[in-house]
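**Student:** Sequence first, then the predicted structure, then my questions.
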Amino acid sequence: MIPDGFLHELLSRVDIVDVVGRRVELKRSGANHMGLCPFHAEKSPSFSVNAAKQFYHCFGCGAHGDAIRFLMEHSGASFRDAVAELAQPLGMAVPDESLDPAAQQRALQARAHQATLTEVLQRAATHYRTQLKQHPQAVDYLKRRGLSGEIAARFALGYAPPGWRSLASGFARYDDPLLVDSGLVIAQGDDRDAEQKRYDRFRDRIMFPIRSVKGEVIGFGGRVLDGGEPKYLNSPETPVFVKGRELYGLYEARTALRSKGHALVVEGYMDVVALAQHGFANAVATLGTACSAEHVQKLFRFTDTVIFSFDGDAAGRRAAARALEAALPHATDLRSVRILFLPSEHDPDSFVRAFGAAAFAEQLAKAVPLSRQLIEQASQGVDLGSAEGRARMLAQAKPLWLALPQGALRRQLLPELARQAQLDSADLAALWGQRVALARGAGAPLRAPARAAARHAPAGLADQALRLLLAHNDWWDRLSGEDQGLLHGLGGLHGEVLAWLERQLTEHGAQTSAALSGAMHGEAWAAVAQGWLQAVAAAELHHFEDLQRVLQRMWVEALGDEAQALASAEPDAQRLAELRHLRQRIAELKAGLSARAAAERHGG
C-alpha cells in the first residue's frame, strides 16, 4: 500500500494543468483552463482544470478529481500505475510499505528493464512503419482489404520485410540482448557462442503494434500477406507483454468506448481495424487466447456494456462459452453483457466489407443478453422433453448461475431455470442450497445503527468486515473467490456499500481512505460508511489476518444457518451427506479460530 504522505507530496508537486494538457487541448479562461471533456462527447468546452486547487471538473458529465484520478479515468491505468507515471518525471520512487528494501530494489530494477523493453519495441514499430511505406505490395494488400491510410496511421500499422535480418537496419546492434528479450529476434544456441544464430521473428507480415492502455508498444501481431501459415503470429510473452491480460485496440478505442457506450470484443486484429474503418471504433480483440476474466474486468473500467462478437460456427460457439464463463463473475446489476453470433461464413471483417456498417449495426442490435445465453448454453445437447434431460440442463446451469454475483439478475434467473426444468423456484433453490440466501436477500434493508449506539455496542461481523475493507480496500483482491462470494451475499446496507466499493476498485484501483471517503459523497449511506472509516482510523493498527478472522466467524454463522435449514428439512441421503460436510467444515473453522486465539494469547 502506498503511504498517504507520499501521495500528498506527489499531488503537491504535480501540475495538473500539465498532466491534463498533454492529453486534452486546454485554453486559459480566467483562473481556470477549459477544454472539450475527454469523458463524454461535446461540442462546447465544459471541462475545467483549476491549477490553484489542482482539480478538474466537467460541468457536462460531472467527471472530477485530481491528477491521479484523471490518469486512471483517461487511460484505464491502475491506481499504482497512475501514481508511478506521475512520480517518474519528478524523480520520486513509489514506496511500498509491504516490501523490504531488497524487494523494493528488485522491483525498481524490474520496472527499469520494462521501460527499456518498451523503448526497443517502440523503435521497432517506427522501423516497421517506415518499411510499409517502402514496400508497395504491403500497401496494396491493405488497400485491397478496404483500409485507408488514416486507419493505418491510427493503428500504426507497419510491415516486416521477408529478409531474415531486416531489423538490423533499424538498430545499431543486432546482437543486443534486448532484441531477444523483447521477442523481436529469435536466438538459437548458447548466447556465449560467437556463432549464435539470430534472425527476425516477424518476416513478410503486416505488423499490428499492440499498445498498453498508456499507449506504450508492448508487443506485435503479424499477419501474412498470402496464404502462408500461421496466418497470425504474436510476440512471445515478455516482462511487458502477457497475452491473457491485453486487448488489441483498447488504447485506440478509449474515447469511442465512452461515446458509444459499449465495448465490442472480436477475435482478430483485422476485425478491429476493419470495424474502425466503418465507424465502429469501439472494437477490441483478444490476442489469440480465450477471453479471460481479466479481459472483462479491464473493459469494465471503461464501459458498463460489453458485446462479444463470434462466428456462428462450432468454434465460435465454443469461444462464446468461454467468454460467458469469464464474464459471469463481473455481471453485476449495473452492467450488461451480450453475445452476437454472425452468420457462420462471416467474421466481422468480411461481414462489414460485404454488407456495410448499417447491416452490421442491425446485427449488433440482435445480440443475445447474457441471461438468455446462459440458459441456451446450459440447454445445449440435452432433451428438455425428458426428466433426465432437464436434470442434465440444471447440472450444466448450476456452476454458471453460481458464478454470477449476488443481485437482481441472479435472483431473476433462478425462476427462469426452474421453469425450464418444470420445477418450483423454491424446490430449485433448496436443491442448490440457496434457501437461506434467498430468504436473507428478500428481507428489508438493514438499518444503519444509531451513532450513539455504534460507539458503545460491539459491532456486528458484517460491520467489522466492511470497516476493514473500506480502510484497507487493497485487501479485496487478496480474498479468495469464496470469501468474496460470502460478502456479496450480505444484502441490505452492507451489500450496497460492498457493491459500490467493488465498482470503485474495478474502475479506479485501490485508493486511500481519504479518497474513498470523498468518492462516496452523495451516496445515501455515506454518513454510515464514513463513520466506519473513522472508527477504524481511531482504532489500533489492523492486519489482513484480522479480516480473515472476521470472515471465518461469518462462515461459521452462515454455514450454521445452512446446516440448521438442512436439519429441519425432510431427510434424504443427499441432504444427510451435505449436512455432515457442513458440520465438518464448521468444526474445522472453529478449530482454526481457537488455534489462532491461543497463539495470540501465547504471543501476548
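**Tutor:** Right, received. Where do you want to start?

**Student:** Buried by neighbour count: which residues of the helix of greatest length in the chain qualify?
**Tutor:** For the chain, the longest helix by residue count, based on DSSP state H, is helix 101-134. Within helix 101-134, the residues that count as buried by 16 or more other CB atoms under 10 Å are 114, 117-118, 120-125, 127-129, 131-132. C-beta: built from backbone N, CA, C; applies to glycine.

**Student:** of those residues, closest to residue 433?
**Tutor:** Using CB to CB, residue 114 is the member of these that lies nearest residue 433, at 45.9 Å.

**Student:** From residue 43, how far out is the closest one?
**Tutor:** With the distance defined as CB to CB, to the nearest Å, residue 114 ends up 40 Å from residue 43.

**Student:** With residue 143 instead?
**Tutor:** Taking CB to CB as the measure, residue 143 falls 33 Å from residue 43.

**Student:** now swap in residue 370 and tell me
**Tutor:** Using CB to CB, residue 370 is found at 35 Å from residue 43.

**Student:** Tell me which of those two has more neighbours.
**Tutor:** Taking other CB atoms under 10 Å, residue 370 and residue 43 do not tie; residue 370 has more neighbours (23 against 6).

**Student:** Verify the stated contact: that one with residue 331.
**Tutor:** Yes - the pair residue 370 / residue 331 is scored as a contact, 5.6 Å apart, by CB atoms under 8 Å.

**Student:** quick one: common contacting residues for the two?
**Tutor:** residue 337 (CB atoms under 8 Å, 6 or more residues apart in numbering).

**Student:** According to the record, where do the domains of this structure fall?
**Tutor:** Listed domain ranges for the chain are 4-90, 103-234, 250-366, 376-432, 446-604 (source: automatic domain parsing).

**Student:** now the first one: how far from the chain's centre is it?
**Tutor:** Its chain's C-alpha centre and that of domain 4-90 lie 23 Å apart, by CA atoms, centre = their mean, to the nearest Å.

**Student:** all strands of the stretch 251-400 of the chain, in order?
**Tutor:** 263-266, 283-285, 305-311, 336-342, 368-369 (DSSP state E, counting those that start in this stretch).

**Student:** quick revisit: need the residues that contact the helix or strand just after the longest helix of the chain.
**Tutor:** Using DSSP states H and E, the helix or strand that directly follows helix 101-134 along the chain is helix 136-144. With contact meaning CB under 8 Å, 6+ apart, helix 136-144 is reached by 131-133, 152, 157, 159, 206, 225.

**Student:** Any chance of JSON lines for the buried residues of helix 101-134, columns distance to residue 13 and pLDDT?
**Tutor:** Shown next, in JSON lines, are the buried residues of helix 101-134 (distance: CB to CB, whole Å; pLDDT from 0 to 100):
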{"residue": "114", "distance to residue 13": "24", "pLDDT": "76"}
{"residue": "117", "distance to residue 13": "28", "pLDDT": "92"}
{"residue": "118", "distance to residue 13": "25", "pLDDT": "91"}
{"residue": "120", "distance to residue 13": "30", "pLDDT": "95"}
{"residue": "121", "distance to residue 13": "30", "pLDDT": "96"}
{"residue": "122", "distance to residue 13": "27", "pLDDT": "96"}
{"residue": "123", "distance to residue 13": "31", "pLDDT": "95"}
{"residue": "124", "distance to residue 13": "34", "pLDDT": "96"}
{"residue": "125", "distance to residue 13": "32", "pLDDT": "97"}
{"residue": "127", "distance to residue 13": "37", "pLDDT": "97"}
{"residue": "128", "distance to residue 13": "38", "pLDDT": "97"}
{"residue": "129", "distance to residue 13": "36", "pLDDT": "97"}
{"residue": "131", "distance to residue 13": "42", "pLDDT": "97"}
{"residue": "132", "distance to residue 13": "42", "pLDDT": "97"}
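
**Student:** Would you map the helices across the stretch 501-604 of the chain?
**Tutor:** Secondary structure of the stretch 501-604 of the chain (DSSP state H, counting those that start in this stretch): helices at 513-519, 526-538, 544-568, 573-603.
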